[in-house]
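> give me coordinates for this.
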Amino acid sequence: RSERRRRRRRRQGKVGLARACRGKRMMQQGRALARGAGAAVAASKRGLASGAAAFPQYVLNAPATETTTLGNGLRVASEGGHGETATVGVWIDAGSRYETAKNNGVAHFLEHMAFKGTSNRTQTQLEKEIENMGGHLNAYTSREQTVYYAKVFKQDVPKAMEILSDIIQNASFDPAAINRERDVILREMQEVEKEPEEVVFDRLHETAYMGTGLGRTILGPTENILSISRDDLTSYINTHYTAPRMVIAGAGAVDHKQLSELSEKHFGSLPTKSANAVGEAMEPASFVGSEIRVREDSMGLAHVAIAFEAAGWTSEHAFPLMVMQTMLGCWSRTSGSGANMASKLCKSVAENECAHSVMSFNSCYKDTGLFGVYGVAEPTSLNDLAFYTLESMVGLCHNATEEEVARARTQLKATMLAHLDSSSAICEDIGRQMLTYNRRLSPAEIFARIDAVDASAVKAAANKFINDQDVAVAALGPIHELPDYNWLRRRTYWLSM
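Below you'll find the model as predicted:
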């Protein structure tokens, strides 16, 4: 379960088509694409008006998402379907970003403790109930959200809802269990630190958003894990687990009326206001052009991420940034492609053999984002890798063509549709979009917004976020040949004659 949580935590911080290059990460890009509809209202209206007739019927006839708001402000959203199984879950607008330096790690710790027993069930009873139903109960924490969900047979949806309510509202937080879980989380931290990609992206957030909630890790520092108490856990719940900040999402063989009634029954008593209004406030993000370099010559390869500050989910530039990310693409030397790839970045890297792999990323948050490229290379190739990476990114400001943009739009839509192929994926899509936009965007609307992105929109977004802008850099490994920050900053723009 710990490994599964680690994989799921990557989802929010590293959305991107690059994940589609790796089999186990393909679904992550789809989630981001399905969630990532921005607010480019004027352009998307033109797309909705002119392009809807060209959409295939399976897009236009996608099942509707029904929504209901309960009296306490809790939102219930579901998409019904055929089959014998259903996924239901609780999406909470609270993650590591809402922590302070003192209690950093409490949201993730709380996720662990939810399965250690409640006032109504012991841990053993909880596990047996889920197993006897043939169900799957899980949770994960990201920087902005915490999620608890269950996948069960359709006749067991009422039981699943009752269990979800119990573990969220009635967790016992036994002191002995808390102490045992400290060791589990510390071992999980050790496993995460063995993954260079995880370390680099944590360091990238740390330097880009230094001193703010987004810059802190999800697991928290070791000293916090060893000191988090029962009072810290209950305080976090009382502050952030309020009805208006929660969404009950369902997909698969679910009936919306039944789901709403179950939500009223089991979650109707949730508070409408926080017990600590000051602690509830989200700390604003503040991007800082900076770098973190961790030189470790014993490692065989260097891992480098270069990122610009980008837009949040509701920005008018959200879709152009997604198309830009698709245009940059991803590549690994283990793949069969290379010199013939459409991506200029991937083609340059492959032809010049300056990296083992590269992938673009576009991490979106409420009010900010990170757009960049992550590469793995030999230590003697870092200069070339940095040059071609920035050359390709700045090139989006000047050389984006309609042909390239059209190809990227098609790839974006294909990946989005490929993702929505299971009740769990759809349920997560609903929960995240409801928290982000307070509504679910239909595939037809997302297609229209994608089709509204042309070369001029790409150039406008690239000029705003890339051209002559500060960068954040995180590097790990034998990085002695990685150019210094001033060299990188100088190549964020082109000189014209």
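
> not counting sequence-adjacent ones, nearest residue to residue 420?
By the measure of CB to CB, 6 or more residues apart in numbering, the closest residue to residue 420 outside its immediate chain neighbours is residue 426, 5.6 Å from it. Backbone N, C-alpha and C define where each C-beta goes, glycine included.

> for the one you found, give its distance to residue 437.
Shown here: residue 426 relative to residue 437, a distance of 16 Å by CB to CB, to the nearest Å.

> in terms of neighbours, single out the busier of the two.
Set side by side, residue 426 and residue 437 show unequal neighbour counts under other CB atoms under 10 Å, the larger going to residue 426 at 24 against 15.

> where in this structure is pLDDT low?
Within the chain, the set of residues satisfying pLDDT under 70 comprises 1-53, 278-279, 496-497.

> ok, back up a step: mind telling me what element the residue nearest to residue 420 is part of?
Counting by DSSP states H and E, the element that carries residue 426 is helix 423-437.

> next SSE after that helix?
Next along the chain from helix 423-437, counting by DSSP H and E, comes helix 443-451.

> return the set of buried residues in whichever strand or helix holds residue 235.
For residue 235, the element it lies in under DSSP H and E is helix 230-240. Using 16 or more other CB atoms under 10 Å as the burial criterion, the residues of helix 230-240 that qualify are 232, 233, 235, 236, 237, 239, 240.

> how about stretch 376-391?
Applying 16+ other CB under 10 Å to stretch 376-391 flags 376-379, 381-382, 384-390 as buried.

> coming back round to it: tell me which other helices or strands the helix holding residue 426 touches.
Contact analysis of helix 423-437 by 3 or more CB pairs under 8 Å, 6 or more residues apart in numbering; DSSP states H and E lists helix 26-35, strand 75-80, strand 85-92, strand 146-153, strand 246-252 as its packing neighbours.

> for residue 99, find the nearest of these.
Ranking the helices and strands packed on helix 423-437 by their distance to residue 99 (criterion: CB to CB) puts strand 146-153 first, at 11.3 Å.

> partner strands of the closest one, parallel or antiparallel?
According to DSSP bridges, strand 146-153 has the following sheet partners: strand 85-92 (antiparallel), strand 136-141 (antiparallel).

> closest to residue 466 out of those?
Residue 466 sits nearest to strand 136-141 of all the strands paired with strand 146-153, at 30.9 Å, using CB to CB.

> run a quick neighbour tally on residue 86.
In terms of burial, residue 86 registers 27 neighbours under the definition other CB under 10 Å.

> nope, residue 191 is what I meant
Other residues within reach of residue 191, judged by other CB under 10 Å, total 12.

> separation between it and residue 164?
If you go by CB to CB, the gap between residue 191 and residue 164 works out to 27 Å.

> can you check residue 410 too?
Summarising the geometry, the distance separating residue 410 from residue 164, computed by CB to CB, is 39 Å.

> my guess is residue 177 meets residue 113, correct?
Yes: with contact taken as CB atoms under 8 Å, residue 177 and residue 113 are classed as touching, separated by 6.8 Å.

> of these two, which one has the most company?
Neighbour comparison, residue 177 and residue 113: the larger count goes to residue 113, with 20 against 17 (by other CB under 10 Å).

> ok, that one - contacts?
With contacts defined as CB atoms under 8 Å, 6 or more residues apart in numbering, residue 113 is in contact with 171, 173, 177, 178, 181, 233.

> if we can go back for a sec, against residue 485, how distant is the residue nearest to residue 420?
Applying CB to CB to residue 426 and residue 485 gives a distance of 43 Å.

> got it, and residue 240?
From residue 240 over to residue 485 the distance is 37 Å, taken as CB to CB.

> repeat that for residue 316.
Residue 316 sits 30 Å away from residue 485, going by CB to CB.

> okay, the strands paired with strand 146-153 in TSV with distance to residue 214 next?
Supplementary listing: the strands paired with strand 146-153 in TSV, determined by distance: least, CB to CB, whole Å:
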stretch	distance to residue 214
strand 85-92	18
strand 136-141	14
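
> list the buried residues of stretch 408-419.
With burial defined by 16+ other CB under 10 Å, the residues of stretch 408-419 counted as buried are 408, 409, 411, 412, 413, 415, 416, 417, 419.

> can you give me the helices in the stretch 101-250 of the chain?
With helices called from DSSP state H, counting those that start in this stretch, the stretch 101-250 of the chain shows them at 106-113, 123-133, 157-169, 175-193, 196-208, 222-227, 230-240.

> quick check: angle from the second one to helix 175-193?
With axes from the mean of the first three to the mean of the last three CA atoms, to 10 degrees applied, the angle from helix 123-133 to helix 175-193 works out at 60 degrees.

> over to the fifth one?
Helix 196-208 runs at 100 degrees relative to helix 175-193, counting by the same axes, to 10 degrees.

> CA atoms of helix 196-208 as CSV?
Output in CSV follows, covering the C-alpha atoms of helix 196-208 (Å, rounded to 0.1, in the frame of the first residue of the first chain):
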residue,chain,number,x,y,z
PRO,A,196,16.2,10.2,-8.0
GLU,A,197,13.2,11.6,-9.8
GLU,A,198,11.2,12.0,-6.6
VAL,A,199,14.1,13.7,-4.9
VAL,A,200,14.7,16.1,-7.8
PHE,A,201,11.1,17.2,-8.0
ASP,A,202,10.9,17.7,-4.3
ARG,A,203,14.0,19.8,-4.4
LEU,A,204,12.6,21.7,-7.4
HIS,A,205,9.5,22.7,-5.4
GLU,A,206,11.7,23.5,-2.4
THR,A,207,13.8,26.0,-4.4
ALA,A,208,11.0,27.4,-6.6
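
> what's in contact with it?
Contacting residues not belonging to helix 196-208 are listed as 6, 10, 13-14, 143, 192-193, 214-217, 287-288, 290-292, 294, 299, 301, 303-305, 307, 309, 370, 372, 374, 376, 472-477 [CB under 8 Å, 6+ apart].

> for stretch 250-264, buried residues please.
The neighbour-count criterion (16+ other CB under 10 Å) identifies 250-256, 259-264 as the buried residues of stretch 250-264.

> tell me the contacts of residue 253?
Residues touching residue 253, when contacts are defined by CB under 8 Å, 6+ apart, comprise 80, 81, 82, 83, 84, 85, 86, 154, 157, 423.

> quick check: the farthest pair among those residues?
Pairwise distances among these were taken by CB to CB; the largest, 14.9 Å, belongs to 82 and 157.

> compare the contacts of residue 253 and tell me which has the most neighbours.
Among the contacts of residue 253, residue 86 has the most neighbours (other CB under 10 Å), with 27 neighbours.
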